[in-house]
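A.B. asks: after the sequence you'll find the predicted model.
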Amino acid sequence: MTVTVLDAGLLTTVQDRGRHGCAHLGVPRAGALDAPAAALAGRLVGNPRDAALLETTLTGVALRADRAVTLAVTGADCEVRVDGRAVSFAEPVPVRAGAEVVVGPARRGVRSYVAFSGGIDVPPVLGSRSTDMLAGVGPAPLRAGDVLPLGSPTGSPAALDVAVPVRPGGPLRLWRGPRTDWLTPADWEVLTGSAYVVSPDSDRIGMRVLGPPLVRANRGELLSEGMVLGAVQVPPSGLPVVFLHDHPVTGGYPVVAVVDARDLWRCAQARPGEPVRFVLR
């Protein structure tokens, strides 16, 4: 009960809901960056909430199902083909044993989620099957020729569910952070009133942006502090960084705000060059 990787694409990793409670070991949570899309894919194939699946990045992935299985692809919109035949996106699809599955490049967004009934059954590390790109914990990013074990299906495919369409440019709602005093009132106006765009340097660790730099009222340095998912850090460059699931557990730059958890999926699907707006709650 396996799937074989034929083409791993730019970056394809195994992810689940993440590795919680390990920050004191220096290990971040990891997990699917677009949590709603990943959860939907799992529901569509009848998997439990903690089942692992694949997260692709921009260019998709090609796989061979070595047994009959149910497939669902969600997240970044893309073409999905089984043995050369186009199949539905964001719906459960039966796949015969030996069939080749091609998840095409993202047409909108960045990351697609590929779930198989039974889930990807690689050994868990510290309670999770997620790949962590910063700490190097969990399974390595996929390569052509990798063979991934599947678990036994425990539920039935969903007859109906609702996919959230990926649309660029949605606002990121901010809660004020612990170091708000490091920005002047003018800085806050720049942060919430400027047209930022996503930087090509963005990755699973953080979404970086390009645009007007923040000056910072305090030019000093901080001792390292604990970091949380969604933290908006302002390094000396003045260009904000939004920490995502593979972020370091500590950092020495001021956290001036935190992105509302409901908007983190937008960071996961924001392509380089697309607009980003910040709004204070």
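C.D. replies: Okay, I see it. For clarity, every value in this text was computed on a predicted model and none was experimentally measured.

A.B. asks: burial count for residue 51?
C.D. replies: 26 (other CB atoms under 10 Å). Backbone N, C-alpha and C define where each C-beta goes, glycine included.

A.B. asks: what's the answer for residue 88, then?
C.D. replies: Neighbours around residue 88, by other CB under 10 Å: 10.

A.B. asks: OK, contacts around it?
C.D. replies: residue 80 (CB atoms under 8 Å, 6 or more residues apart in numbering).

A.B. asks: what's the distance between it and residue 229?
C.D. replies: 32 Å (CB to CB, to the nearest Å).

A.B. asks: please apply the same query to residue 2.
C.D. replies: 32 Å.

A.B. asks: mind giving me the domain split of this protein?
C.D. replies: Taking automatic domain parsing as the criterion, the chain consists of the domains 2-149, 171-280.

A.B. asks: residue 162 is nearest to which of those?
C.D. replies: Closest of the domains of the chain to residue 162 is domain 2-149, at 7.8 Å (criterion: CB to CB).

A.B. asks: other residues contacting stretch 192-209?
C.D. replies: 33, 133-134, 174, 210-212, 233, 239-248, 267, 270-280.

A.B. asks: isn't residue 111 right next to residue 56, touching?
C.D. replies: Yes - at 6.3 Å, residue 111 and residue 56 qualify as touching, with contact defined as CB atoms under 8 Å.

A.B. asks: any residues in contact with both of these two?
C.D. replies: Here residue 111 and residue 56 share the contacting residues residue 76, scored by CB under 8 Å, 6+ apart.

A.B. asks: ok so, going back, in a markdown table: the domains of the chain, plus distance to residue 158 and mean pLDDT.
C.D. replies: Output for those, formatted as a markdown table (distance: least, CB to CB, whole Å; pLDDT from 0 to 100):
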| stretch | distance to residue 158 | mean pLDDT |
| --- | --- | --- |
| domain 2-149 | 5 | 96 |
| domain 171-280 | 20 | 94 |
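
A.B. asks: closest one to residue 159 among these?
C.D. replies: Per CB to CB, nearest to residue 159 of the domains of the chain: domain 2-149, 8.4 Å.

A.B. asks: gap between that closest one and the chain center?
C.D. replies: Centroid separation for domain 2-149 versus its chain: 11 Å, with CA atoms, centre = their mean, to the nearest Å.
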